[in-house]
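Novice: Fold the following and give me the result.
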Amino acid sequence: MSFRSYLIFMTLGTLTAWMTWAVVLHGVDPTRAGALGLLLFYITLTMALFGSISLLGMLIRLWVSRGEIASRIAVRSFRQGVLLTTLFVSSLLLFSQGWFRWWTMFLVVVIVGLVELTFLSSRKS
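Specialist: Okay, here's the model as predicted:
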């Protein structure tokens, strides 16, 4: 897959995910939908956030570092999009369950940071 087709598919998928999330947000009654409604909410929000963060990170990196290979930028943006989406959605889940405290968020941030450091340290020179 070329870089251009990756950008096109990722953009279309992200726009579709945001539209789907908006439909779930406005069309699903959380008091009657139960667990399925919450699952749809979190899945569509996760996909939309992941696509947006990944694309935004890729575009910023392409703009700042013009000499770097686009596929490496895409891989790094993809990985960091997954990690930041995990951070945001886990904070929402913790907040919805009443477990959102400074120390639980500190723990989540430390875990996400350690995962990113593991990827950065395993990179071959």
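Novice: show me the contacts for the most centrally placed residue in the chain.
Specialist: For the chain, the residue nearest the mean C-alpha position is residue 50 (2.5 Å; C-alpha atoms, centre = their mean). Residues near residue 50 by C-beta atoms under 8 Å, 6 or more residues apart in numbering: 81-82, 85. All C-beta atoms are positioned from the backbone trio N, CA, C, and that covers glycine.
Novice: Would you mark the buried spots in the host helix or strand of it?
Specialist: Taking DSSP states H and E as the definition, residue 50 sits inside helix 35-64. Using 16 or more other C-beta atoms under 10 Å as the test for burial, helix 35-64 gives 37, 40-42, 44-55, 57-58, 61-62.
Novice: Run through the neighbouring helices and strands of the lowest-mean-pLDDT helix or strand in the chain.
Specialist: Across the helices and strands of the chain, mean confidence by mean pLDDT, DSSP states H and E is lowest for helix 30-33: a mean of 82. Judged by 3 or more C-beta pairs under 8 Å, 6 or more residues apart in numbering; DSSP states H and E, helix 30-33 is in contact with helix 35-64.
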